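Participant: Let me see the structure of the following:
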Amino acid sequence: MNAIPSQDARSRWLPYIVAATFFMEYLDSTIVATALPRMAESFGVGVNALSLGVTAYMLALAVFIPVSGWIADRYGSRSVYASAIVVFTLASVLCGLCNDTASFTAARVLQGMGGAMMVPVGRLIVVRNTEKSRLMAAISTITWPAIAAPVIGPPLGGFITTYASWRWIFLINVPLGLAVLAVVFRLVRNERGDGGKPLDWIGFLLSGLALTAVMYGTELASQEDAPVGFALALIALGVGLGYLVWWQSRRTPHPLIDYSTLQVPSYSVTVITGSVSRIGIGAVPYLLPLLFQIGFGLNAFQSGLLLLASAIGNFGMKALTTPILSRFGFRNVAVVNVALAGVFIAACGWLTPATPLTLSLAVVFLYGVTRSMQFSTLATLAYADIPPQQMSTASTLWSAAQQMTIGMGIAFGALALRAGNWLHGGGMQFSLADFRFAFVCAGVLTLVSVFGYVGMARDAGSGLRTGKA
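Facilitator: Presented below is the predicted three-dimensional model:
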């Protein structure tokens, strides 16, 4: 009989296991867009007909993320996490076998349900099983999929659909899912939280409606032929419903989303100020491929190769994140890095086809470096001062905010690009001036978040840096 792994072994390996499942989920969120034309051809429909499948995945995430913490507390983190991996992997198989729009949409809903449980519960498992002294390195490990997937997804999807079959963008999840599942049962303990508290059904319905409105509105806003007014109205509705969720949470003894975690200063800044940063930084993966394809005249694969400079910056920075945070502290790193991120985002707008290739690659690379550093800083600081009994609700709120701002970053980039086109007299095709305006808007929004980080305590997150509990 094999020996049971020690706590030390579990804490060392868990971040890599969770990172693998995170990569599956985040990659599926981005890779499918490049495969839509081939899928539409295979199904015998127009590309727009498949947009429902993309939206269905996103909406399933929105509805089920808020309830993930309660389910993990009630049934145990390992049971829920393993079940989520099974559901996600099975749904991936179904997506790869689909032959019509209806079955694809249904499979994507199932996949979204699995992803909604997999990400926040996986993060919760790592935080609960990692000592403070190792938490920075652990969070850095599980953060890189969210940073790298938006950059890797489009070129990888283009390569697979060009040289193999679109079905493989889903089927590649199967061996990874099965391998991870086997390790999960060996390394993850089935920990429960306060499983006796009742489900806040009103909070569940309101939060699901709020996130659905915001995420569908942002998805709609990113589409060129969509009515901007209706999209903005949906986003406003979602924000209003979000206020109702907060109002209702103060009047129930066991709220689904516990906003009292926002009273912890280090956590609050990562959710509120961090959301502003993530929207500005998150606009770039949407804008850069369009700049290279429309502004530079490159094809999708060539554009993807240029974007690999950002991915290299993301990966290269991962090894340096923990030493930099330990040396300079969370506040200093957050302030300086987000300012640099804003500058490099704006600099992307001045790239032209005449710009030397080395300079273009350097700007994209440095954007990737600052993106990686900021996201890792926020993800690590979020749990620095959260009490153990609030870890579940903190993970739920953090995951909801992160998922929402991913979509809002895309919508912000799309709206800024449209605004630039309108200011420059309109036109059937976006010009370099339109892209410059959009990148400057994203850079300025990122720079604005500096003020939130400046207000942080100088010793914020010091317990992680020193290894104290």
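Participant: so where's the stretch 201-350 of the chain uncertain?
Facilitator: Counting by pLDDT under 70, the stretch 201-350 of the chain contains low-confidence residues at 222-226, 300-301.
Participant: mind listing the strands for it?
Facilitator: Per DSSP state E, counting those that start in this stretch, the stretch 201-350 of the chain carries no strands over any range.
Participant: Tell me where it has helices.
Facilitator: For the stretch 201-350 of the chain, applying DSSP state H, counting those that start in this stretch gives helices covering 201-221, 228-249, 265-282, 284-290, 300-328, 330-348.
Participant: Ok, which of those comes nearest S449?
Facilitator: helix 265-282 (4.2 Å; Cβ to Cβ). C-beta: built from backbone N, CA, C; applies to glycine.
Participant: P145 is nearest to which of the helices of the stretch 201-350 of the chain?
Facilitator: Smallest distance to P145 across the helices of the stretch 201-350 of the chain (Cβ to Cβ): 10.1 Å, for helix 300-328.
Participant: Just the pLDDT at G196, thanks.
Facilitator: The pLDDT attached to G196 in the predicted structure is 65.
Participant: Quick check: can you list the domain ranges of the protein?
Facilitator: Following automatic domain parsing, the chain resolves into domains at 1-196, 200-255, 261-469.
Participant: Mind putting those domains into JSON lines with mean neighbour count?
Facilitator: Formatted as JSON lines, the entries for those read as follows, by neighbours: other Cβ atoms under 10 Å:
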{"stretch": "domain 1-196", "mean neighbour count": "20"}
{"stretch": "domain 200-255", "mean neighbour count": "18"}
{"stretch": "domain 261-469", "mean neighbour count": "20"}
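Participant: and S360, what does it touch?
Facilitator: With Cβ atoms under 8 Å, 6 or more residues apart in numbering as the criterion, the residues that contact S360 are 306, 351.
Participant: For Y16, which non-adjacent residue is spatially closest?
Facilitator: Spatially, and ignoring its direct neighbours in sequence, Y16 is nearest to T141 (6.3 Å; Cβ to Cβ, 6 or more residues apart in numbering).
Participant: so Y16 is in which element?
Facilitator: Counting by DSSP states H and E, the secondary-structure element that holds Y16 is helix 7-43.
Participant: next SSE after that helix?
Facilitator: Once the chain leaves helix 7-43, the next helix or strand it forms, by DSSP H and E, is helix 51-75.
Participant: just the angle between that next one and helix 201-221, please?
Facilitator: Here helix 51-75 runs at 150 degrees with respect to helix 201-221, directions being taken by axes from the mean of the first three to the mean of the last three Cα atoms, to 10 degrees.
Participant: what's helix 51-75 packed up against?
Facilitator: Where contact means 3 or more Cβ pairs under 8 Å, 6 or more residues apart in numbering; DSSP states H and E, helix 51-75 is packed against helix 7-43, helix 77-97, helix 101-128, helix 201-221, helix 391-423.
Participant: go again using 7 Å as the cut-off
Facilitator: Contacts of helix 51-75 with other secondary structure elements, assessed using 3 or more Cβ pairs under 7 Å, 6 or more residues apart in numbering; DSSP states H and E, are made with helix 101-128, helix 201-221, helix 391-423.
Participant: hmm, who's touching that helix?
Facilitator: When contacts are defined by Cβ atoms under 7 Å, 6 or more residues apart in numbering, helix 51-75 is touched by residues 32, 80, 101, 104-105, 108-109, 111-113, 115-117, 120-121, 124, 192-195, 199, 204, 207-208, 211-212, 215-216, 219, 256-257, 392-393, 395-396, 399-400, 403, 407.
Participant: so S372 touches N314, yeah?
Facilitator: Yes: the pair formed by S372 and N314 meets the contact definition of Cβ atoms under 7 Å, at 4.3 Å.
Participant: contacting residues for G46?
Facilitator: G46 touches A40, counting by Cβ under 7 Å, 6+ apart.
Participant: Kindly provide the distance from it to A40.
Facilitator: As judged by Cβ to Cβ, to the nearest Å, G46 and A40 stand 6 Å apart.
Participant: now swap in A107 and tell me
Facilitator: Distance of A107 to A40, computed by Cβ to Cβ: 16 Å.
Participant: And for F204?
Facilitator: Here F204 is placed at a distance of 35 Å from A40 (Cβ to Cβ).
Participant: and if you look at S399?
Facilitator: S399 sits 31 Å away from A40, taking Cβ to Cβ as the criterion.
Participant: Likewise for I235?
Facilitator: 28 Å.
Participant: Can you name the residues that contact the residue nearest to Y16?
Facilitator: Counting by Cβ under 7 Å, 6+ apart, T141 makes contact with 15-16, 19.
Participant: Check P255 too.
Facilitator: Counting by Cβ under 7 Å, 6+ apart, P255 has contacts 200, 203, 249.
Participant: Reformat the helices of the stretch 201-350 of the chain as CSV; add distance to L176.
Facilitator: Output for the helices of the stretch 201-350 of the chain, formatted as CSV (distance: least, Cβ to Cβ, whole Å):
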stretch, distance to L176
helix 201-221, 26
helix 228-249, 33
helix 265-282, 25
helix 284-290, 23
helix 300-328, 18
helix 330-348, 31
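Participant: Sounds good, over and out.
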